[in-house]
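Q: Predicted structure and sequence below. I'll ask about it afterward.
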Amino acid sequence: AQSVSQHNHHVILSEAASLELGCNYSYGGTVNLFWYVQYPGQHLQLLLKYFSGDPLVKGIKGFEAEFIKSKFSFNLRKPSVQWSDTAEYFCAVNRGGGADGLTFGKGTHLIIQP
Amino acid sequence: DSGVTQTPKHLITATGQRVTLRCSPRSGDLSVYWYQQSLDQGLQFLIQYYNGEERAKGNILERFSAQQFPDLHSELNLSSLELGDSALYFCASSPSGRLGYEQYFGPGTRLTVT
């Protein structure tokens, strides 16, 4: 079974700082990778996804992520964060071509200080 | 708004009781997933239905069951409830049950077992 590890459980940054949230997964086969965001009191929203092709994927709100197969990683980045980025961020994976549900990491609680 | 609706938003019940959570997927989506989010276990995949048939099972307890009806809405039944079942229950839908299509999440039902 696959698993997902998010290294930073709580991150506090100032506005305009750069962001990188780590995500590693364990599964030897083809995977689909996702980052979801959960703003306070709201449902999970998809930030970006990787199925195949260019390992650098761009998502909404200026976020991007890079899939590094050799490192089993899919780190989320944003060059300059805003106060409105305060939220919980979840990395998720499922098997490529499969019908599995998503396996989520424990999440990273990001707080942006004005 | 993802287009996925869940009712009720909040549910408070006693141990040993049975409850039913309801989910309506986005228009046209055939696949419905159920997830449980708790502080200690994080977000866990429970079960998936595709066009009325069970497609995949995750960490779903035997006390829990689900079904998807001909109009594609789904219900998650939780019985013999225990304190540890208190959690947020999310439903997600996607156009297909294959190939790891992105999943759109509903607002969740918060279950409190007292």
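A: Thanks, I have it. Numbering: from 1, shown residues only, chains lettered A, B, ... in the order given.
Q: that's a strand at B:D29, yeah?
A: No. Per DSSP: H, G, I helix; E, B strand; the rest coil, B:D29 lies outside any strand segment and is coil.
Q: now the closest residue to it other than its chain neighbours: how far from A:S18?
A: Excluding the flanking residues, the one nearest B:D29 by C-beta to C-beta, 6 or more residues apart in numbering or on different chains is B:S93, at 3.9 Å. Where you see a C-beta, it was placed from the backbone N, CA and C, and this is true even at glycine. According to C-beta to C-beta, to the nearest Å, B:S93 and A:S18 sit 34 Å apart.
Q: mind checking pLDDT for the residue nearest to B:D29?
A: Listed pLDDT for B:S93 reads 93.
Q: any idea whether it is helix, strand or coil?
A: Applying three-state DSSP: B:S93 is strand.
Q: looking at chain B, which helix or strand is least sure?
A: strand B:53-57 (a mean of 91; mean pLDDT, DSSP states H and E).
Q: which other helices and strands contact that one?
A: strand B:42-50 (3 or more C-beta pairs under 8 Å, 6 or more residues apart in numbering or on different chains; DSSP states H and E).
Q: Identify each buried residue in the strand it packs on, please.
A: Residues of strand B:42-50 classed as buried: B:G42, B:L43, B:Q44, B:F45, B:L46, B:I47, B:Q48, B:Y49, B:Y50 (neighbour count, 16 or more other C-beta atoms under 10 Å in any protein chain shown).
Q: coming back round to it: neighbour-wise, which of B:S93 and A:S18 wins?
A: The neighbour comparison of B:S93 against A:S18 (other C-beta atoms under 10 Å in any protein chain shown) goes to B:S93, with 26 against 10.
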